[in-house]
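S.K.: The amino acid sequence is not available; the structure is as follows:
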């Protein structure tokens, strides 16, 4: 007699149906008596590895205003040159600095309720931002201090990352396979059957879940120093494994 049992909410499925054979590929590779449907158990596993980040990404820049676009741009260029020098002097490599945004926009006077004509441009605003990777977290606080002193008035966020995530993700994958095997053995024992060979393994992709970004705004120019808390990051892997039932 064919058996089909589903454990709701856990992603664990015991399947004895032709539809399952379509999910795992051609039937000729699965042991089953002639004319009988293959007896299968499919499980999913999750593996996680926690680690401290070892690098940070800073989004920083300068916004300037002027009576003309050229005036605002000239001010911005001078200020951005100081910001770029501050990054390099803090030990950030040139290859780790990349322009992320540049804009020139007109500015208008405040709206007047009784205004009958179209507002005229009162000036221009130029914004230039770069993304910089700081690969030595011990230098992150001093780097932020140096940026503000150099004239950066736009620091929109700080995010943390892992420079070499592959070994950690590989460890998470191993844990995911172990988790899937443990679930399969539990279900098989509850159903009074034994696990057979593995007939399919698939991975849904590794995930890096960073801590929440630490946001800072223009008010940083009043701070003497910037305390940094990098926290932990979680790297996870998800696998699905199908076993034969003996």
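M.R.: Here it is on my side, so go on. The shown structure was predicted, so the numbers you read here are calculated from the model rather than taken from an experiment.
S.K.: Outline the domain layout of the chain.
M.R.: 5-51+166-209+237-245, 55-161 (automatic domain parsing).
S.K.: looking at those, which one has the lowest mean pLDDT?
M.R.: Per-stretch mean pLDDT for the domains of the chain is lowest at domain 5-51+166-209+237-245 (a mean of 77).
S.K.: quick one, which of the domains of the chain is nearest to residue 227?
M.R.: Closest of the domains of the chain to residue 227 is domain 55-161, at 6.9 Å (criterion: CB to CB). Backbone N, C-alpha and C define where each C-beta goes, glycine included.
S.K.: could you pull out the helices for this protein?
M.R.: Here the chain has its helices, by DSSP state H, at 18-24, 69-89, 140-150, 166-191.
S.K.: Give me the buried positions along the last one.
M.R.: Put plainly, it is helix 166-191. Residues 168-169, 171-173, 175-177, 179-181, 183-184, 187-188 are the ones in helix 166-191 that count as buried (16 or more other CB atoms under 10 Å).
S.K.: go on, the second one?
M.R.: Buried positions in helix 69-89, judged by neighbour count with 16+ other CB under 10 Å: 69, 72-73, 75-76, 79-80, 83-84, 86-87.
S.K.: Specify which member of those residues is nearest to residue 233.
M.R.: residue 87 (23.7 Å).
S.K.: how far away is that closest one from residue 64?
M.R.: From residue 87 across to residue 64, the span is 18 Å (CB to CB, to the nearest Å).
S.K.: Residue 150 now?
M.R.: 14 Å.
S.K.: any shared contact partners between those two?
M.R.: Shared contacts of residue 150 and residue 64 (CB atoms under 8 Å, 6 or more residues apart in numbering): residue 79.
S.K.: hmm, who's touching stretch 116-129?
M.R.: In contact with stretch 116-129 (CB under 8 Å, 6+ apart) are residues 59-69, 71-73, 75-76, 80, 99-109, 111, 154, 156.
S.K.: can you give me how far that stretch is from the chain middle?
M.R.: Chain-centre distance of stretch 116-129: 36 Å, with CA atoms, centre = their mean, to the nearest Å.
S.K.: For that stretch, measure first residue to last.
M.R.: 37 Å (CA to CA, to the nearest Å).
S.K.: What segments of this protein are strands?
M.R.: 5-7, 12-15, 40-51, 55-66, 97-107, 123-134, 154-161, 195-203, 207-209, 233-245 (DSSP state E).
S.K.: Turn those strands into CSV, including mean neighbour count and distance to residue 115.
M.R.: Formatted as CSV, those follow (neighbours: other CB atoms under 10 Å; distance: least, CB to CB, whole Å):
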stretch, mean neighbour count, distance to residue 115
strand 5-7, 13, 67
strand 12-15, 21, 67
strand 40-51, 20, 58
strand 55-66, 21, 22
strand 97-107, 13, 16
strand 123-134, 20, 18
strand 154-161, 18, 31
strand 195-203, 14, 61
strand 207-209, 14, 50
strand 233-245, 21, 52
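S.K.: of those, which approaches residue 145 most closely?
M.R.: Here strand 154-161 is closest among those (CB to CB), at 11.2 Å.
S.K.: just the angle between that closest one and helix 69-89, please?
M.R.: 30 degrees (axes from the mean of the first three to the mean of the last three CA atoms, to 10 degrees).
S.K.: from the middle of its chain, how far away would strand 154-161 be?
M.R.: The answer for strand 154-161 is 13 Å, by CA atoms, centre = their mean.
S.K.: Show me what that strand is packed against.
M.R.: In terms of contacts (3 or more CB pairs under 8 Å, 6 or more residues apart in numbering; DSSP states H and E), strand 154-161 is packed against strand 55-66, strand 123-134, helix 140-150.
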